[in-house]
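> Here you go, sequence then predicted model.
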Amino acid sequence: MNISATRAVRLVARRELATRLRSKAFVISTLIMLVFIGGYIVLMNVIGSSSNHSTVGFTPATGSLAVSVKSTGKAVGEDITTRTVSEAAGRKQVSDGKLDALVVGGPGDFTVVVKKSLKSGLANTFNVLARQEALNTQIRSLGKDPADVNRAVASASVHVQPLQPAGEYQTQRLVLGIVAVVLLYMSLMINGQAVAQGVVEEKSSRVVELLLATVRPWQLMAGKVLGIAVVGLVQMIVFAAVGLGLGLATGVLSIPAALLTGTAVWTIVWYLIGFFMYAVMLAAAGALVSRQEDANSVVTPVLMLIIVPAVIGWSVIPANPDSQLGHVLSMIPLFSPMLMPMRIALGVAPAWEIALSVVLSVALVVGLVALAGRVYRNAVLRTGARVKLSDALRSA
Amino acid sequence: MTERRLEIDAVSKRYGDVVALSDMTFDVRAGELFGFVGSNGAGKTTTMRIALGVLAADSGVVRWDSRPVTVDTRRRIGYMPEERGLYPRMKVGEQLEYLAELHGMSRSAARSSARRWAERLGVSGRLGDEVQKLSLGNQQRVQLAAALVHDPSILILDEPFSGLDPVAVDVMSDVLREKAAEGIPVVFSSHQLDLVQRLCDRVGIVRSGRMVACGPVAELRAGGTARLVVGAPDAPNGWAAGIPGVSVAEHRDGTTVLELAAGADDQAVLRAALATGPVHEFARRLPSLTELFRNVVSEHVGGHTGTEEARV
């Protein structure tokens, strides 16, 4: 009839896991987040394809321009499909929205027919093309060959000497980083609060006294935190798999798979570190009150420790990923879980900074476990009025 | 199985300036039903919590079988806290299995034990229901099942009878007797003193954190102030006033209850009664546990006698 500490912790964790995974709240929140991820990717896909892709019609008279329009479009980042139509049919197709633009007139003096306005990608294309034509005309009038001049122009470029190696701040990486930390933040908020709620539930239903007659307080707390950590981990892995899978399948993400996987793994690692950091604080906070109605008053201050670093970090990093402030903040334990994954996604976090921030954060977690364990042990059986934190820390 | 005992030895506990327990001492032998009575706030729950290790004592020891109680011993205690507690949204069956496993049972043993106790306590039809959906009475039965499901070798029950309907009281009494007959020490607290008197081998009366009377029920009753019930319909008020060592406890409808101090002469009482007219009843009666309890509690004049005891 002996029961080891690990078995006790495992039993408690198993119950948490089973209870949470079956709860409606978990299923619904997971589905909502998946819909959010899926919707985001679909949206990016739609925006991506519509903004960079257009179809342009040419009349037989302007057909010779098609090749240069296409190549100029490519140079300014617009993917252009060309089609030859009669002017009347073309005008109808433009007004029906089947064509983004129709080029009429002659090769030297053409007009672009659009429904209302020329979308910016096409406008750039035609402007560049028009200027190029004007330039070519001038070059010819000076007796030179435009092709020679263009070659000379194309080979000229400015020499840039960076004083610091700059990361590649690709939009995609920034988006990836933002999505990663937003998911991490939501998981921390949802699962962290589940820990506090669970502790208060055990206190308010008085079942905690029955449990503590057979398991030690630390075993109960550890089992609860670990059980819910696994719930969150499962959630994060599902999100990462679905997000990356969809992103790669639809072609929204064109970042190398190794980099994506690296970001996903680091996000999960930081989720775990962040979760333990906040979960033990929330467990201790929950132990201070005996009723769900009082839970907010003790849980909110801890949640602020998630929210404030997130808000500060998110306003610093995306604007200037390589800033000194970003480097410093992301090393501070309470900021690290929310900032490091983003900087890792952006590729601006040197290995030593990652290592140091992990060490610092883990050290904080260890310290918090000791403190929170003490508060939990001293407060969890004191029912009635809210227990003062100082009392819980002091009393033996 | 000879003389395995649960000993509470000189246990003291203070909460700040408030003394909750001072030198609480008693023992419960294997196979014995021990009733723990006292006013609210007298220290019963604190004592039980300390015996379970849920609370730490400031001083004193709790021993089982001559050895201080350890974590492993505590896993073999069946406990029913005064503040009933189960997970409201967990199913009855899963809850009992979980608690049995936490006490060290294997999964399969936990499952069969949960079924067995649910059956025995008449809640087997509710194994698949959430606890919060059960009536209060059924929740109490589940609570008792939770105390018994891991086949404990010691039972400590805080107010197990409170809130039970008469049928459930009988079921509970039977289970406690049965457990004691298996050689398990059973301690329970209760305010239902008639029940304690009927059920228990020994009782302990606690007041202000101290054991003030402890022993077999019959012994305690015999040691209390003897009473005489005299049925003399024609006797006027104050008929027994002059007899030395005798005081009137009650006089109603021709029946007088007298308390006799040690050495008082009951024959003098009989003569005085006969002098008033016919005497239909003349009986010596031992005080009930309730009367003893009142005496014990009021004898020691304390700050917290009064309203709280009105509930007893």
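Perfect, I can see it now.

> Does chain B have contacts with stretch A:220-234?
No - Stretch A:220-234 does not reach chain B (C-beta under 8 Å from any C-beta of the partner chain); its nearest approach is 9.6 Å. Placement of C-beta: from N, CA and C, glycine included.

> Just the buried positions in that stretch, please.
Using 16 or more other C-beta atoms under 10 Å in any protein chain shown as the test for burial, stretch A:220-234 gives A:220-233.

> Tabulate those (a markdown table), appending secondary structure and pLDDT.
Formatted as a markdown table, the buried residues of stretch A:220-234 follow (DSSP: H, G, I helix; E, B strand; the rest coil; pLDDT from 0 to 100):
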| residue | secondary structure | pLDDT |
| --- | --- | --- |
| A:Leu220 | helix | 93 |
| A:Met221 | helix | 93 |
| A:Ala222 | helix | 93 |
| A:Gly223 | helix | 94 |
| A:Lys224 | helix | 95 |
| A:Val225 | helix | 95 |
| A:Leu226 | helix | 95 |
| A:Gly227 | helix | 95 |
| A:Ile228 | helix | 94 |
| A:Ala229 | helix | 94 |
| A:Val230 | helix | 94 |
| A:Val231 | helix | 92 |
| A:Gly232 | helix | 91 |
| A:Leu233 | helix | 92 |
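
> tell me which element A:Thr277 is part of?
Heads up, residue A:277 is Met, not Thr. If you go by DSSP states H and E, A:Met277 is part of helix A:257-287.

> what packs against the helix or strand just after that helix?
Downstream of helix A:257-287, the next assigned helix or strand under DSSP H and E is helix A:292-316. Packing partners of helix A:292-316 (3 or more C-beta pairs under 8 Å, 6 or more residues apart in numbering or on different chains; DSSP states H and E): helix A:171-204, helix A:257-287, helix A:324-329, helix A:336-346.

> So which elements touch the first one?
Looking back up the chat, that one is helix A:171-204. helix A:24-52, helix A:217-250, helix A:257-287, helix A:292-316, helix A:336-346.

> Also the third one?
Contact here means 3+ C-beta pairs under 8 Å, 6+ apart; on that basis helix A:324-329 packs against helix A:292-316, helix A:336-346.

> Return the most buried member of the ones you listed.
Comparing these by mean neighbour count (mean count of other C-beta atoms under 10 Å in any protein chain shown), helix A:336-346 comes out on top with a mean of 28.

> do you know how far whichever residue of the stretch 51-200 of chain A sits closest to chain B is from A:Gly38?
Nearest residue of the stretch 51-200 of chain A to chain B (C-beta to the nearest C-beta) works out as A:Gly198 at 9.9 Å. A:Gly198 sits 30 Å away from A:Gly38, taking C-beta to C-beta, to the nearest Å as the criterion.

> Please say which of those two ends up with more neighbours.
A:Gly198 (22 against 13; other C-beta atoms under 10 Å in any protein chain shown).

> so who does the more buried one touch?
Neighbouring residues of A:Gly198 by C-beta atoms under 8 Å, 6 or more residues apart in numbering or on different chains: A:16, A:224, A:228, A:286.

> Against chain B, how distant is the first one?
It refers to A:Glu16. 11 Å (C-beta to the nearest C-beta, to the nearest Å).

> Quick one: distance of the host helix or strand of B:Arg177 to the chain centre.
Following DSSP H and E, one finds B:Arg177 within helix B:166-181. Centre-to-centre, helix B:166-181 and its host chain are 14 Å apart (C-alpha atoms, centre = their mean, to the nearest Å).

> pLDDT of the helix or strand just after it, averaged?
Using DSSP H and E, the helix or strand that follows helix B:166-181 towards the C-terminus is strand B:186-189. The average of the pLDDT scores along strand B:186-189 is 94.

> Next: stretch A:113-124.
82.

> What of stretch B:201-213?
On average, stretch B:201-213 scores 90.

> Mind listing residues that contact that stretch?
Outside stretch B:201-213, the residues that reach it (C-beta under 8 Å, 6+ apart) are B:13, B:19-26, B:28, B:32-39, B:42-44, B:46-47, B:180, B:196-197, B:214-217, B:220, B:289, B:292-293, B:296-297, B:300, B:302, B:304.

> just the CA coordinates of it, formatted as CSV?
Taking C-alpha atoms only, stretch B:201-213 is exported to CSV below (Å, rounded to 0.1, in the frame of the first residue of the first chain):
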residue,chain,number,x,y,z
ASP,B,201,-17.5,1.7,23.2
ARG,B,202,-15.7,4.7,24.6
VAL,B,203,-16.2,8.4,24.4
GLY,B,204,-14.1,11.4,25.0
ILE,B,205,-15.5,14.8,25.9
VAL,B,206,-13.4,17.7,24.9
ARG,B,207,-13.7,21.3,26.0
SER,B,208,-11.5,24.2,25.1
GLY,B,209,-8.9,22.0,23.5
ARG,B,210,-8.6,19.7,26.4
MET,B,211,-9.9,16.2,27.1
VAL,B,212,-12.1,16.6,30.2
ALA,B,213,-13.7,13.1,30.4
